[in-house]
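Peer 1: sequence unknown, structure follows:
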């Protein structure tokens with residue numbers, strides 16, 4: 001059952017060294033504030049799972065938090081590669097995480113299998129692709145009814161999932177609007193789930209009946225963190241901060257500039273700073 005907590009407490013109680021953890025959000029609602037709190041608390045030896053690792057995973061990898069990466073596509077969206085990820089994989093700085101790469105379809109199916117309590121996901125995929133030559137967790141199985149050869153991958157069942165959403169009501173239910181991505185399945189697949197939200201409201205009486213609502217019994221903790229998705233956007237609240245993504249490519253290019261930025265903007269900052277970062281993006285609406 002969901003409890004309302006400050007973000008520092010929620011991270012401390014739900015994320016532990018060595019956990020398998022997902023920070024999920026697709027295009028928007030990426031839980032940057034939650035990941036920054038995990039960085040401040042110095043979590044380590046994590047298996048970082050994400051459908052599309054981008055800037056926030058680049059930051060966590062650069063801070064040496066990742067023991068293993070399970071993902072599909074990694075990049076700075078609209079800009080290019082992830083420089084801290086590349087430095088870690090190629091040069092072992094600050095450490096060299098194990099890499100398990102999948103397709104988008106595999107990750108989506110793996111989360112859904114995890115949410116269903118299944119040990120693996122079976123789907124059509126990887127035909128003509130080379131990933132199964134480098135990823136031993138991609139298998140082939142025959143359909144028992146047709147004989148068709150299908151792809152199989154282990155289900156994803158995180159110890160804890162973090163997402164960002166627009167609203168939570170006073171009962172602890174969570175509303176996600178706009179592009180849903182894999183957030184719902186990532187929460188349902190996890191042992192624990194922490195949700196940061198733009199605001200807490202009395203109820204969802206004015207919400208469309210087909211909206212995505214995570215009931216309170218699926219969530220461990222809810223934290224009100226306005227702006228908590230920055231620099232990604234929150235549908236209906238603020239725009240994507242494109243400049244931040246462009247700037248990150250230069251910041252992350254060198255170890256010294258990366259460490260200086262992390263010190264100023266993460267280690268010496270807090271969840272309360274996110275609201276100010278999106279004010280100019282709100283006014284553009």
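Peer 2: Great, that's in hand. Only a predicted model underlies this, so the values are computations on that prediction, with no experimental measurement involved.

Peer 1: Which of the three states applies to the residue lying closest to residue 82 once chain neighbours are set aside?
Peer 2: Residue nearest to residue 82 in three dimensions, not counting chain neighbours: residue 58, with 4.2 Å by C-beta to C-beta, 6 or more residues apart in numbering. Any C-beta I mention is one placed from the backbone N, CA and C, and that applies to glycine too. Three-state assignment for residue 58 (DSSP: H, G, I helix; E, B strand; the rest coil): helix.

Peer 1: now the helices for the protein?
Peer 2: 7-14, 32-40, 55-62, 83-91, 104-115, 131-134, 183-189, 242-251, 255-262, 273-277, 279-282 (DSSP state H).

Peer 1: From the chain's centroid, how far away is the fourth one?
Peer 2: Meaning helix 83-91. 19 Å (C-alpha atoms, centre = their mean, to the nearest Å).

Peer 1: Output the contacting helices and strands for it.
Peer 2: If you count contacts as 3 or more C-beta pairs under 8 Å, 6 or more residues apart in numbering; DSSP states H and E, helix 83-91 packs onto helix 55-62, helix 255-262.

Peer 1: Return the most buried member of those.
Peer 2: Among the helices and strands packed on helix 83-91, ranked by average contacts under mean count of other C-beta atoms under 10 Å, first place goes to helix 55-62 (a mean of 25).

Peer 1: just so I know, which of the helices of the chain lies nearest residue 196?
Peer 2: helix 32-40 (5.4 Å; C-beta to C-beta).

Peer 1: What are the structural domain limits within this structure?
Peer 2: 3-102+157-282, 117-154 (automatic domain parsing).

Peer 1: And the last one, what's buried?
Peer 2: For domain 117-154, burial by neighbour count (16 or more other C-beta atoms under 10 Å) applies to 118, 121, 123, 125-126, 131-132, 135, 137-138, 150-154.

Peer 1: Out of the residues you listed, the closest to residue 170 would be?
Peer 2: Nearest member of those to residue 170, counting by C-beta to C-beta, is residue 118, at 34.1 Å.

Peer 1: residue contacts, that closest one?
Peer 2: residue 155 (C-beta atoms under 8 Å, 6 or more residues apart in numbering).

Peer 1: On the pLDDT front, check the residue lying closest to residue 83 once chain neighbours are set aside for me.
Peer 2: Spatial nearest neighbour of residue 83, excluding adjacent residues (C-beta to C-beta, 6+ apart): residue 252 at 4.1 Å. pLDDT, residue 252: 98.

Peer 1: Save the helices of the chain as JSON lines, and put in distance to residue 143 too.
Peer 2: Shown next, in JSON lines, are the helices of the chain (distance: least, C-beta to C-beta, whole Å):
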{"stretch": "helix 7-14", "distance to residue 143": "39"}
{"stretch": "helix 32-40", "distance to residue 143": "39"}
{"stretch": "helix 55-62", "distance to residue 143": "35"}
{"stretch": "helix 83-91", "distance to residue 143": "36"}
{"stretch": "helix 104-115", "distance to residue 143": "15"}
{"stretch": "helix 131-134", "distance to residue 143": "18"}
{"stretch": "helix 183-189", "distance to residue 143": "23"}
{"stretch": "helix 242-251", "distance to residue 143": "42"}
{"stretch": "helix 255-262", "distance to residue 143": "48"}
{"stretch": "helix 273-277", "distance to residue 143": "48"}
{"stretch": "helix 279-282", "distance to residue 143": "48"}
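
Peer 1: Residue 22 contacts residue 161, correct?
Peer 2: Yes. Contact criterion C-beta atoms under 8 Å: residue 22 and residue 161 qualify, at 4.5 Å.

Peer 1: Can you check which residues contact both of the two?
Peer 2: Each of 186, 190 lies in contact with both residue 22 and residue 161 under the rule C-beta under 8 Å, 6+ apart.

Peer 1: Now for the residue nearest to residue 8 when sequence neighbours are not counted, how many residues are close by?
Peer 2: Nearest residue to residue 8, sequence neighbours excluded (C-beta to C-beta, 6+ apart): residue 37, at 6.1 Å. Using other C-beta atoms under 10 Å, residue 37 has 28 neighbouring residues.
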